[in-house]
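> Below: sequence and its predicted model.
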Amino acid sequence: MRQLDFRWARLPELTALDWHAVIAARERVFVVEQNCPYQDADELDLASWHLIGTVDGAVAAYLRVVDPGRKSVHEGRYYAEPSIGRVLTAPGFRGHGLGLALMREGIAGCARLFPGQGIRISAQSYLLDFYTGLGFAVVGEEYLEDGIPHHEMLRPGR
Ligand SMILES: CC(C)(COP(=O)(O)OP(=O)(O)OC[C@H]1O[C@@H](n2cnc3c(N)ncnc32)[C@H](O)[C@@H]1OP(=O)(O)O)[C@@H](O)C(=O)NCCC(=O)NCCS
């Protein structure tokens, strides 16, 4: 499996074609694959850094980093810290370490963009080990978000 080519961008820097590829990948995973009708494209996309990982020009992995101090209208959450979300590897690219590489680049990007700050996430519960291995620790009890079990996790600033 090839390495990911990474690009960091704010939404206005992306072309319509770039953004279409991102939204198509997000909907394919979070709406269709996870069988979950929810508001995927939201106002936080305008307050985020988008990390796009491509292989031969195709979106193979993606995450966004929401700016610190933003409230999610749809999810009713407020995080004082930068928050990584919408973490995905496209189905045909899984199991080759791309998700891990994506998260490492996301964490490194947070350190550059928001030095010294922690990172707070709302993690799907089936991936607690994945995120724990990346330095995140569970905060509080499990909860349902759009019907899917989640845990809040924090990676302390360093
Ligand atoms: C989670 C996801 C990004 C992992 O992508 P990936 O490229 O397959 O991950 P990697 O190959 O880098 O695997 C890294 C580690 O992730 C964990 N992992 C990956 N898929 C997993 C799964 N289905 N269940 C549990 N752990 C998993 C494992 O710990 C794995 O380590 P291992 O290979 O030593 O077992 C991908 O499965 C995905 O897009 N899932 C659907 C979207 C989603 O749920 N996103 C998370 C929202 S919080």
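All right, it came through fine. Note that the structure is a prediction, hence the values are computed from the model and not measured.

> Residue of this structure nearest the ligand, please.
Here the residue of the chain nearest the ligand is residue 99; by C-beta to the nearest ligand atom that distance is 2.5 Å. For every residue, glycine as well, the C-beta is placed using N, CA and C.

> And that residue, which helix or strand is it part of?
For residue 99, the enclosing helix or strand under DSSP states H and E is helix 98-113.

> Check which strands are paired with the helix or strand following that helix and give the direction for each one.
As assigned by DSSP H and E, the chain's next helix or strand after helix 98-113 is strand 119-124. Using DSSP bridges, the strands paired with strand 119-124 are strand 148-155 (antiparallel).

> May I have the strand it pairs with as PDB, with CA atoms only?
Output in PDB follows, covering the C-alpha atoms of strand 148-155 (Å, rounded to 0.1, in the frame of the first residue of the first chain):
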ATOM      1  CA  ILE A 148     -23.700   5.100  18.000                       C
ATOM      2  CA  PRO A 149     -21.800   4.500  21.300                       C
ATOM      3  CA  HIS A 150     -19.100   7.100  22.000                       C
ATOM      4  CA  HIS A 151     -16.600   8.100  24.600                       C
ATOM      5  CA  GLU A 152     -15.100  11.500  25.100                       C
ATOM      6  CA  MET A 153     -11.300  11.200  25.100                       C
ATOM      7  CA  LEU A 154      -8.500  13.700  25.900                       C
ATOM      8  CA  ARG A 155      -4.900  13.800  24.800                       C
END
